[in-house]
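[1] this is a predicted model, with the sequence first.
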Amino acid sequence: MIRRLFNRLYHWLDDRVEISVVVDFCSRQLTKPVPRHLNWLFSFGTVTLVFFLSQAVTGVLLMIYYEASADSAYESVRYIMEEVRFGWLMRQVHSYGANFMIAFLLLHSVRVFFYGGYKKPRELTWLFGFGLLAITLAFGFTGYLLPWDQLSYWGTTVGTEIAAATPLVGEYLLILMRGGEIISDVTLTRFFVAHVVLLPWAFVALVTAHLILIRYKGISPLEGTDVPEKTPEELKRAGGKPFYPHHVMKEAIVVLLVLVSMIFMIIYYPLPLHEKADPFNTPVGVKPEWYFLSSYQALKYLPKTIGIIGSGLVVLAICLLPFWDRTPARKPSRRPIATSLGILFIVLNIVLALLGKISETEMTIMGTRYHFDIYGWPHAIAPVEEPAAEPDSGSEGAE
Amino acid sequence: MNMSSSQKPPGSAVPGKKTGKTSGKTRPDPVRRRRFLQKCLGVLGGIGSLMAVYPLIRYVEPPPEAEGGSRVEIDRASVPPGTSRTVIYRGRPTIVVNTSDGYIAYNAVCPHLGCVVKWEGMTQSLVCPCHGGKFGTDGSVQGGPIPGPLTAVELSVTDDTIIIGV
Amino acid sequence: MSDRMQAGHQTRVGKGSFLSVETVGYPVKAAFVLLAVLCLSWTPAGSAAAQQAAVPNTCVSCHAGLDDEDMSLPVAEWRRSVHNPAGIFCQDCHGGNPATMVEDEAHDVERDFVGLPDPYVLHELCGECHQVQMENYVPSPHGLEGDFWPNCADCHENHEVVFPQASLISIPDNCEDCHEQETMDDFIALTDRGLEPVNEFRLAAAEIGAAGVPVDMILAQAALARDAYIQRASHVFVLEEMVAVVDSLEQIYPRIQKEVDVARTEVDTRRRFGWMFIGLFLVLAAVLWLYRRSLPDA
């Protein structure tokens, strides 16, 4: 019955707007064979896309109650989390979703790097992908300020401070980003506009181009760029499987498992909302979000200008990777230098991020209390003896 | 999302031959098995969608009022005898009148077409500015195309405040 | 309050200067050798700034190394005390100048240096901050009536001031000279009865708050109850008065408990809701997996 109704609707539409052309085109694209070497690692891009859609939905919903002004932003987020039904869920899905999206985007780009997916003729796909990474990080950066709590306020302060180190235009950039000397109401509204208007549309445009290119050029093969690429028919004969349903199922399973882990995190380790932002009271140990931590930490070790130019060059090198790495080989084992450099870069970033994480904290290791300075370097404070019994919180008990 | 869409998976038209080779001969009928799994997916996907949509709808619904928000206190001095004051109580405009017989409070939304009524001291009545509706101090209709009386709102009075919604 | 904590924190940053790198334990050292290679060449760039930010305290830096244990031990004791994180330093009780390395200047009587504060007016010193406690203590049996004995330090220690606990009521050799063990047990039991629920509410609130459910009301009410206890029951040392206070508090506790329960239920509801999704998604993933395996090779 339903199928008959559906068929009639389809024919009705087809008679009028030739929908069959579109449907045929789409189904041909969907069932296009993908190479045999596609494994689970090739689903990270889709995971990212799913998170983007989830961010769009929850983002629009959060905007229903959110108020972008320094006076009421914090209260409105609190209101969402405490009064609105399922408001906690929306905010958690949105804030965890941001972290997951960035994580999987990074994994996706690492995967593409190691499989040589950026090489000829897919340089443009890489460029668009790089743009998407930049936009996503900008999403994270602008969105981080919006709850207007202490952490977001001061995290954004140190984050924007980095821009000030840019030679010549640094101060100007900083003022432009903040809309003034310090982070204020003005900053909040411009970050908000970027976060909910500019960035989403830029993302949609780029992701469309990215996906069209992927569909059009097909998934990158493992053979080098000097071997002519297979046509879909050849791929099929070589054991390639159709994108739908074979690979889509794989991706759907990965997406579901990632969502499961996110839900688990949400219900057991929800992200907190801290105290309201106070421009006159800097909390100790302010740090940016984890995805900016490694560059933030790297900048500590370098003189400002060198650091900012250096990291700018690194970013530029990554962006233009397909244009200077023009060796034909794609398999990681066939290009040991690129592979080891890649691994080194990732390890360096992880180490820097960890150093950034432990810097300006205290920890007890093997019975000695250490303070880690801003470089993540440990200094012994005092051997730990019996900790003062403190069933209650903080020093207020002394009153 | 819904995997059991009417689109058949490719290959369901050419059943069995290769599948039997790769995924074990013990399975009786791969096509039927696939159909069954497709149905399962459809049902689970449907449940999942409903479960996901539920919080969305609940989220968009107006949130429950916070405790204490169901009570409005106003200063007695701000409503001298013979005057009125309109405040928001439970999200609705509510008119408080200091009549000669004491305080009265009504939901100020006219039952006719939703305009907000005003107190007219001269005639000792509540008047709707939109279509000439008129109500007595007891809320009853005294004129105009009004379908029903105003809804009274509970109030209590202390020494210096009027509490709406006891 | 939090400002104070920060102040204390920053001071410790300063103490852990480069000298103390020598005292880093060997295993940690080994673990950081790799990182050290990475960082060493750049490190000195900003360390001056880090040291500048810290306030030097010469009492601590000098006394900690003195051979005479009577003179050095107080530093170690103070480090373990609640006064350390709260930012209360030597000079706050002993006076003197904490910013000079010259011995005579540091112990300048002109700057109110006192080696041993007068035990009979100790409560006035402590009472500068702990006002409520002093006000209750002075008219109490231990105050004017008892000639200010025992004084604050007799029960709370002088340097190693830790968070007060009911066990302080019966310090061995301290109370039993005058009081029967039973009397003290009564006091302990009463204190527990009055304050234990507050502690439980706070612990529960911390747990619930971490699970994302708002606990502001619970914490506020617990704080109110605690304040009421401190203002009216602590340091009065008269059992009858304390019983009245605790009885009135026990009227309030069920109400707070109810809010705790409501919040707990909310946490459980959220988790159940989440687990429903997790279960569904896992089943869906499993079915997808089976479905994918049942697909013919194209």
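    Nice, thanks for sending it over.
[2] any idea of the mean pLDDT in stretch A:254-271?
    Stretch A:254-271 shows a mean pLDDT of 96 in the predicted model.
[3] contact partners of it?
    Defining contact as CB atoms under 8 Å, 6 or more residues apart in numbering or on different chains, one finds that stretch A:254-271 is touched by A:40, A:43-44, A:46-47, A:50, A:88-89, A:92-93, A:95-97, A:100, A:104, C:210-212, C:270-271, C:273-275, C:277-278, C:281-282, C:284-285, C:288. In short, each C-beta sits where N, CA and C put it, glycine included.
[4] burial of residue C:245, as a residue count?
    Number of residues near residue C:245 (other CB atoms under 10 Å in any protein chain shown) recorded here: 19.
[5] typo on my end, it should be residue C:121
    11.
[6] for the nearest residue to it once chain neighbours are set aside, helix, strand, or coil?
    Residue nearest to residue C:121 in three dimensions, not counting chain neighbours: residue C:148, with 7.6 Å by CB to CB, 6 or more residues apart in numbering or on different chains. Three-state assignment for residue C:148 (DSSP: H, G, I helix; E, B strand; the rest coil): coil.
[7] and the residue of the stretch 51-200 of chain A found nearest chain C, what is it in contact with?
    Nearest to chain C, among the residues of the stretch 51-200 of chain A, is residue A:82, at 4.6 Å (CB to the nearest CB). Applying CB under 8 Å, 6+ apart to residue A:82 gives the contacts A:88, C:214.
[8] got any ranges where the stretch 51-200 of chain C has weak pLDDT?
    C:51-56, C:170-174 (pLDDT under 70).
[9] quick one: name the residues of it near chain A.
    C:76, C:79-83, C:85-86, C:129-130, C:132, C:161-165, C:199 (CB under 8 Å from any CB of the partner chain).
[10] mind doing that once more with 10 Å?
    C:51, C:64, C:75-76, C:79-88, C:126, C:129-133, C:156, C:160-165, C:167, C:195-196, C:198-199 (CB under 10 Å from any CB of the partner chain).
[11] quick one, which of those are buried?
    Buried subset of those (neighbour count, 16 or more other CB atoms under 10 Å in any protein chain shown): C:64, C:75-76, C:79-88, C:126, C:130, C:133, C:156, C:160-164, C:195, C:198.
[12] just those residues: which are in helices?
    C:75-76, C:79-80, C:83-86, C:126, C:133, C:156, C:195, C:198 (DSSP state H).
[13] which one of those residues sits closest to chain B?
    Nearest member of those to chain B, counting by CB to the nearest CB, is residue C:198, at 22.8 Å.
[14] pretty sure that closest one sits against residue C:246.
    No - the criterion here is CB atoms under 10 Å, and residue C:198 misses it with residue C:246 at 11.2 Å.
[15] okay, and the common contacts of these two?
    C:228-229 (CB atoms under 10 Å, 6 or more residues apart in numbering or on different chains).
[16] wondering if the strand or helix carrying residue A:57 reaches chain B at all.
    Using DSSP states H and E, residue A:57 sits in helix A:44-65. Yes - using CB under 10 Å from any CB, helix A:44-65 comes into contact with chain B via A:57-58, A:61-62, A:64-65.
[17] quick one, phi/psi of the residue of the stretch 51-200 of chain A closest to chain C?
    Here the main-chain torsion angles of residue A:82 (degrees, to the nearest 10) amount to phi -110, psi -30.
[18] and residue A:346, what's its pLDDT?
    Reading off the model, residue A:346 has pLDDT 96.
[19] one more: residue A:307?
    In this model, residue A:307 carries a pLDDT of 86.
[20] pretty sure it contacts residue A:300?
    Yes - using CB under 10 Å, residue A:307 and residue A:300 qualify as a contacting pair, with a distance of 8.3 Å.
[21] what ranges does chain B have for its strands?
    B:72-75, B:84-89, B:92-99, B:102-107, B:118-120, B:125-127, B:134-135, B:141-143, B:155-157, B:161-164 (DSSP state E).
[22] report the contact partners of residue C:195.
    A:391-392, C:164-166, C:225-226, C:229-230, C:233-234, C:246, C:249.
[23] that one and residue B:112, how far apart?
    61 Å (CB to CB, to the nearest Å).
[24] ok, now residue A:331?
    Residue A:331 is 79 Å from residue B:112, by CB to CB.
[25] compare these two (neighbour count), which wins?
    Taking neighbours as other CB under 10 Å, residue A:331 and residue B:112 compare with residue B:112 leading, 18 against 14.
[26] what sits closest to that one if chain neighbours are left out?
    Per CB to CB, 6+ apart, closest to residue B:112 is residue B:146, 5.0 Å.
[27] so how far is residue A:258 from that neighbour?
    With CB to CB as the criterion, residue B:146 and residue A:258 are 59 Å apart.
[28] so where's chain B uncertain?
    B:1-28, B:65-70, B:166.
[29] show me the domain layout of the chain.
    Here I'm looking at chain A. A:1-30, A:32-358, A:361-389 (automatic domain parsing).
[30] chain B is the one I meant
    B:17-60, B:72-164.
[31] restricted to helices, list the contacts of stretch A:254-271.
    A:44, A:46-47, A:50, A:88-89, A:92-93, A:95-97, A:100, A:104, C:210, C:270-271, C:273-275, C:277-278, C:281-282, C:284-285, C:288.
[32] mind listing the strands for the chain?
    I went with chain A, as the question did not name one. A:33-34, A:241-242, A:361-365, A:368-372, A:378-383.
[33] please identify which of those is closest to chain C.
    Nearest of the strands of chain A (CB to the nearest CB): strand A:378-383, 3.1 Å.
[34] does the longest helix along chain B come close to chain A?
    Using DSSP H to define each element, chain B has its longest helix at helix B:30-60. Yes - counting by CB under 10 Å from any CB, chain A is contacted by helix B:30-60 at B:41, B:48, B:52, B:54-60.
[35] from the contact counts, what lies against that helix?
    Judged by 3 or more CB pairs under 10 Å, 6 or more residues apart in numbering or on different chains; DSSP states H and E, the packing partners of helix B:30-60 are helix A:44-65, helix A:87-114, helix A:248-268, helix B:17-22, helix C:239-294.
[36] show me what from chain A comes close to chain B.
    Proximity of chain A to chain B, by CB under 10 Å from any CB, involves residues A:2-3, A:6-7, A:10, A:23, A:27, A:30-31, A:57-58, A:61-62, A:64-65, A:79-80, A:82-90, A:93, A:242, A:244-246, A:248-249, A:252, A:256.
[37] before we move on, what about chain C?
    C:217, C:273, C:276-277, C:280-281, C:283-298.
[38] give the bridge partners for residue B:104, please.
    Here residue B:104 sits in beta bridges with residue B:97, as judged by DSSP bridges.
[39] isn't it right next to residue B:153, touching?
    Yes - Residue B:104 is within contact range of residue B:153, at 8.9 Å (criterion: CB under 10 Å).
[40] what count of nearby residues applies to the closest residue to residue B:33 other than its chain neighbours?
    Leaving aside its chain neighbours, residue B:33 sits nearest to residue C:294 (5.3 Å; criterion: CB to CB, 6+ apart). By the criterion of other CB under 10 Å, residue C:294 has 20 neighbours.
[41] ok so, going back, which pLDDT does the model give the residue of the stretch 51-200 of chain A closest to chain C?
    Looking at residue A:82, the pLDDT reads 89.
[42] quick one: it and residue B:63, what's the gap?
    Taking CB to CB, one finds residue A:82 at 9 Å from residue B:63.
[43] do residue C:75 as well
    Distance from residue C:75 to residue B:63, by CB to CB: 55 Å.
[44] residue C:290 too?
    42 Å.
[45] likewise for residue A:229?
    56 Å.
[46] which one's more surrounded, those two?
    More neighbours surround residue B:63 than the other of residue A:229 and residue B:63, with 17 against 14 (other CB under 10 Å).
[47] give the contact list for that one.
    A:65, A:79-80, A:82-87.
[48] which residue sits closest to residue A:117, ignoring its sequence neighbours?
    Leaving aside its chain neighbours, residue A:117 sits nearest to residue A:220 (4.1 Å; criterion: CB to CB, 6+ apart).
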